[in-house]
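Asks: Sharing a sequence plus its predicted fold:
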Amino acid sequence: MALPRRTNSEHSYIVAYDIGDQKRWRRVFKTMNGYGRWVQLSVFHCRLDGSRRAQMAMTLETLIDPREDHILIMDLGPAEDVDFAVESLGKTFAPIERRAIVI
């Protein structure tokens, strides 16, 4: 008899943003550091359950100017089913390690 598949409420997300003001960009960047892994300048990979995903979206909405800024939250599906891999074109890709940002 096959074991039932374990369900994981976390999904894998890619969050990318285009923020028109440097001050707002820094606030969004700092906030996103609390939710996921920094992949590239304005791109994060996150593993979040439904409540954390909703919390992230609500927090981001308070930080942006909806007339100038844009955030994409792309749901890649259940985190346990996503093998996050990056294909890089152009200059060499190296995952960015978390480090202090000087403001």
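Replies: Looks like it came in fine.
Asks: rest of the way, CA atoms for contacts and neighbours
Replies: Fine.
Asks: Going along the chain, name the helices of the chain.
Replies: For the chain, applying DSSP state H gives helices covering 22-33, 50-63.
Asks: ok, the nearest residue to Ile71 once chain neighbours are set aside - contacts?
Replies: Leaving aside its chain neighbours, Ile71 sits nearest to Tyr17 (4.2 Å; criterion: C-alpha to C-alpha, 6 or more residues apart in numbering). Taking C-alpha atoms under 8 Å, 6 or more residues apart in numbering, we find Tyr17 in contact with 42-43, 69-72.
Asks: Which among the helices of the chain is found nearest to Val86?
Replies: helix 22-33 (19.0 Å; C-alpha to C-alpha).
Asks: Give me the neighbour count for His11.
Replies: 19 (other C-alpha atoms under 10 Å).
Asks: residue contacts, Arg24?
Replies: With contacts taken as C-alpha under 8 Å, 6+ apart, Arg24 has the following neighbours: 63-64.
Asks: Could you report the pLDDT at it?
Replies: Per-residue pLDDT puts Arg24 at 96.
Asks: any idea how far it is from Val39?
Replies: Separation of Arg24 from Val39 (C-alpha to C-alpha, to the nearest Å) stands at 19 Å.
Asks: by contact count, what packs against the lowest-mean-pLDDT helix or strand in the chain?
Replies: Least confident helix or strand of the chain, by mean pLDDT, DSSP states H and E, is strand 36-40 with a mean of 91. Other helices and strands packing on strand 36-40, by 3 or more C-alpha pairs under 8 Å, 6 or more residues apart in numbering; DSSP states H and E, are strand 43-48.
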